[in-house]
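Asks: Pasting the sequence and the predicted model now:
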Amino acid sequence: MSQLAPRMVLWWDRILPFLRFKTLERRSESRLSGYSVLMGILKFWNNLRDRWWGQPIVLSLLLVPLAGWLSPRLMLPDGKVYLVYLPLVVCFSLLMVYDWRAMPGIALAILIRYSNRTGNEVDVIMTLLYVGCLSICWWGYRCQSQRHWCVGLTELKLGKHRLIWLVLMPPVLFIFGLQLVIGLDLLPDELGMLSGSGNHLHALINFQAILIGCLSSMQLFYFALRIIKNPKFARVLWGRISREMAPSVKKSELQLWLVVLVALVGVLAYHSADTNAMQVPDYSLTLLLPVMLYSAMRFGYLFNCIIWAATLLVLFFNYPGYVQWDSLLHNLTMISSMMLAFTLSILLTSAVHTRQRMDHAKAQNASLKDPVIGLPNLRALKRDLAKVPRSTLCFLRISELDLLSRNYGMQLRIRFKQKLAGSLRTVLEEGEDVYHLPGYDLVLRLNGSDGEARVAKIQSTLEKFRLVWNGLPIHPPLGISYCGVYSEVEHLHLLLGELSSLAEMSLTSGRPENVQNDHHVVQDEIKRKVALLHWVQRSLDNDGFMLMAQPIVGVRGDSYHEILLRMLDDEGNVIPPNEFLPVVHEFGLAYQLDMWVLRQTLQFMQLHREGMPSARFAVNLSPSSLCRPSLCQDVRDALRQYQIEPYQLVLEVTESHLVQDVKYAKNSLKELRQLGCRIALDDFGTGYATYDRLKELHVDILKIDGSFVQDMLTSKVDYQIIASICKVALMRRLSIVAEYVESAEQRDALKSLGVDYMQGYFIGKPQLLASLVPMEPLPEDEESD
């Protein structure tokens, strides 16, 4: 024995590695066999899924029996009573996902389900009953909804069709079919949902079970099928649920509501084995309605569909907790009817409130975007500025876009802005955007307040941008201005106006202009313009302008006066016309101001007709007023109103301003001359193509610009220009007026050249119009005193 022990130890040491190797080999073989089985299953599933009938058949075979098992039911002496019937719901959910492809799988699942419980004839009849009911309802739904049948169950526009064909018709056809085949003795009584003694309450409960199932649980199975078909749909569904909730919903509010719901369902579902314990009465179910209605108004349609379907299944599976056993069928009928009404109220309320929130969100989003250009507007800019503590505003002035739009059409303006915004977005960071402003401008919002380097990059992008329109590359000049701002931005409109002025400067300087770079002059100019505009508008409304008159004396003794305009500021200081008239023209008030001056002058002539019977006055008209189609009619009406003869009115137009409006001005001047007014061409000699303009315009008076008169005695060129103007006027039989006559020598020289009228400080300074009225002579007795 002593010799045998060492031998056995040696033998064991030799065989142990072999046993270990065999064990590992067997384990690896089992793992490989398990892996191969798994791979085979996956391969079979992939092959099956590629076939049009494969996936629906597998899911039908799994879900139809599961739906039957999940359907809460109650076995009574006279038959089976369903509280929620789910097999039809699963079938319609499969049809919603796979359309008619699901029908073979549904038929096979129904056939297998009933073949295990009945004979061959019964399972075929039940299969035909199911398939017939489903086919009729699905065909009717497809015909009503047409190509929109596959739209998700959240689409409210198809609610009417789905209520009719997927909720109301299935229980009617199914119960009617069951009653028919039972009445023909084709099914045993113990199988049908109307079996037993034919109690009407029994039938009503089963009918309501199908209604409740179709109305409440179809969404639940539909979403489950969508997730099984494509797991990524779970994330999509979660996103939809989040978007449907009210924007003010907080996490704590949702958690508190869930706690209340779970507690209430728990109390209702609790069933004690102690018969002496107090039972929750069935009317306590009404407490669910306000809780769920609150959810319907706050948490959205999808959330309520899922939560309410799960709540119903829990409550119906635990019906002993709240159903009184005395008169059980009556109580179940009442509870089933109440749950059906609750389901309809909750789903409709949640659908309406969700639709209202979605419509309000769409309207709010639409209000943040220009409907034509498709870019965010000024309101969106305000919103985004409030979100970020520091931003840089970059203003783009697109010069000559108005001219291009008039030549190529409005579509070019729209297309240019869209393409330019798309090009700029390639250099913007996340959260930054391009905003549309009314007119011909764009604004960029950049993150951070130090945007000088970013603006330089944007300028480089703008220099490379071209819009090809009808084969022509278009690149109008672009002005850039920018500034850093902090949230909240006050007076954004004023800031954009200042940036607009700096962008105009950028068109001249050729570089981006920064508001912070000592542009106080521009800011002061903007403030001055605003103040002048306020004073001009107030003076127009309150007749606050001051009319002056300067004499124009003829060499033959006749004379008339030119009306000059002055304005007073808040302190009573006189503002000369060269300061406020540019503002008047810029803001489109020229015609209103011209008509005010004309009517005030004619009113003065009417009031002092007896003292000044032959007075004549010259009134200036702006080029924009000459382009008004109603100008001649308005002048005619004013002359008729104040009973003034047209020859007493001289209308002066500036020759240098008629370059672009000569066509319209020519027609207006012709009608005014036909009316009887005299036309004077002011500042003659300073405009573009002066003599050529004289051939086109029919006028009565030429007014030589004062710049030639001032130096005529020392400048031979000015003297010869005046002489040539006089010769042309004499040949055209036009009267000549010389401005800025400030000495007797100038007067004599002009007279020798043939000038007819003189105007200037030497002839007479401007004075108040009211001072022209001659003083009435005093009575003789007052003179003796």
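Replies: Cool, the structure landed.
Asks: Pick out the residue closest to the middle of the chain.
Replies: Nearest residue to the geometric centre of the chain (CA atoms, centre = their mean): residue 366, 2.3 Å.
Asks: Give me the buried stretch members for the helix or strand that residue falls within, please.
Replies: Taking DSSP states H and E as the criterion, the element that holds residue 366 is helix 328-367. For helix 328-367, the neighbour count (16 or more other CB atoms under 10 Å) marks 329, 331-333, 335-336, 338-340, 342-344, 346-347, 349-351, 353-355, 357-358 as buried. Yep, even glycine has a C-beta here, placed from its N, CA and C like the rest.
Asks: any idea of the mean pLDDT in it?
Replies: Averaged over helix 328-367, pLDDT sits at 90.
Asks: And stretch 617-631, by the same measure?
Replies: For stretch 617-631, the per-residue pLDDT averages 88.
Asks: cool, and stretch 59-70?
Replies: For stretch 59-70, the mean pLDDT works out to 91.
Asks: which residues are contacting that stretch?
Replies: In this structure, residues lying in contact with stretch 59-70 by CB atoms under 8 Å, 6 or more residues apart in numbering are 86-87, 89-91, 94, 102, 105-106, 108-110, 112-113, 221, 225, 228, 313.
Asks: Mind checking which of those residues are buried?
Replies: 86-87, 89-91, 94, 102, 105-106, 108-110, 113, 221, 225, 313.
Asks: min pLDDT across those, which one?
Replies: Lowest-confidence member of the buried ones among the contacts of stretch 59-70: residue 113, scoring 84 (pLDDT).
Asks: Check which helix or strand it maps to.
Replies: helix 103-115.
Asks: by contact count, what packs against whichever helix or strand comes after that helix?
Replies: Per DSSP H and E, the first helix or strand lying C-terminal to helix 103-115 is helix 120-145. Under the contact definition 3 or more CB pairs under 8 Å, 6 or more residues apart in numbering; DSSP states H and E, helix 120-145 sits against helix 87-98, helix 103-115, helix 159-162, helix 169-183.
Asks: helices and strands of this structure: which one bottoms out on pLDDT?
Replies: Lowest on mean pLDDT, DSSP states H and E among the helices and strands of the chain sits helix 780-784, with a mean of 49.
Asks: and residue 727, that one's in a helix?
Replies: Yes. Counting by DSSP: H, G, I helix; E, B strand; the rest coil, residue 727 is part of a helix.
Asks: can you start the count at 33 instead of 1 from here on
Replies: Understood, numbering begins at 33; the last thing we discussed is residue 759.
Asks: hmm, back to that, could you identify the helix or strand that succeeds the helix holding residue 398?
Replies: Trace forward from helix 360-399 with DSSP H and E and the next one is helix 410-419.
Asks: Would you mind pulling up the elements that that next one packs against?
Replies: In terms of contacts (3+ CB pairs under 8 Å, 6+ apart), helix 410-419 is packed against strand 465-469, strand 473-479, helix 524-541.
Asks: Check which helices and strands the last one sits against.
Replies: Packing contacts for helix 524-541, counted by 3+ CB pairs under 8 Å, 6+ apart, involve helix 410-419, strand 422-430, strand 473-479, strand 510-518, strand 545-546, helix 552-574.
Asks: Please list the outside residues in contact with the first one.
Replies: Spelled out, that is helix 410-419. With CB under 8 Å, 6+ apart as the contact definition, helix 410-419 has outside contacts at 399-401, 408, 423, 463, 465, 467, 469, 475, 477, 517, 519-521, 524.
Asks: Equivalent analysis for the last one, please.
Replies: The set of residues external to helix 552-574 that reach it, using CB under 8 Å, 6+ apart, is 526, 529-530, 533-534, 537, 576-577, 599-602, 607, 611-612, 615-616, 618-619, 621, 624-625, 628.
Asks: Heading C-terminal from that helix, find the next helix or strand.
Replies: As assigned by DSSP H and E, the chain's next helix or strand after helix 552-574 is strand 578-586.
Asks: what angle sits between that next one and helix 552-574?
Replies: 90 degrees (axes from the mean of the first three to the mean of the last three CA atoms, to 10 degrees).
Asks: winner for burial among the helices and strands packed on helix 524-541?
Replies: Mean neighbour count (mean count of other CB atoms under 10 Å) peaks for strand 422-430 among the helices and strands packed on helix 524-541, with a mean of 23.
Asks: mean confidence score for it?
Replies: Averaging pLDDT along strand 422-430 yields 90.
Asks: and that strand, what does it pack onto?
Replies: Taking 3+ CB pairs under 8 Å, 6+ apart as contact, the helices and strands that strand 422-430 lies on are helix 442-457, strand 473-479, helix 484-496, strand 510-518, helix 524-541.
Asks: Swap in 6 Å and give it another go.
Replies: The contact analysis (3 or more CB pairs under 6 Å, 6 or more residues apart in numbering; DSSP states H and E) places strand 422-430 against strand 473-479, strand 510-518, helix 524-541.
Asks: got a markdown table for these, with distance to residue 93 too?
Replies: As requested, the helices and strands packed on strand 422-430 are exported to a markdown table (distance: least, CB to CB, whole Å):
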| stretch | distance to residue 93 |
| --- | --- |
| strand 473-479 | 56 |
| strand 510-518 | 65 |
| helix 524-541 | 65 |
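Asks: nearest to residue 278, of these?
Replies: strand 473-479 (28.6 Å; CB to CB).
Asks: Return the distance of the closest residue to residue 624 other than its chain neighbours relative to residue 266.
Replies: Nearest non-adjacent residue to residue 624, counting by CB to CB, 6 or more residues apart in numbering: residue 572, 6.1 Å away. From residue 572 across to residue 266, the span is 68 Å (CB to CB, to the nearest Å).
Asks: and the residue nearest to residue 624, what pLDDT?
Replies: We have a pLDDT of 85 for residue 572.
Asks: Residue 235: neighbouring residues, count only.
Replies: Neighbour count for residue 235, taken as other CB atoms under 10 Å: 19.
Asks: The host helix or strand of it packs against which elements?
Replies: Here residue 235, judged by DSSP H and E, is contained in helix 232-248. Here helix 232-248 touches strand 111-114, helix 201-215, helix 360-399, going by 3+ CB pairs under 6 Å, 6+ apart.
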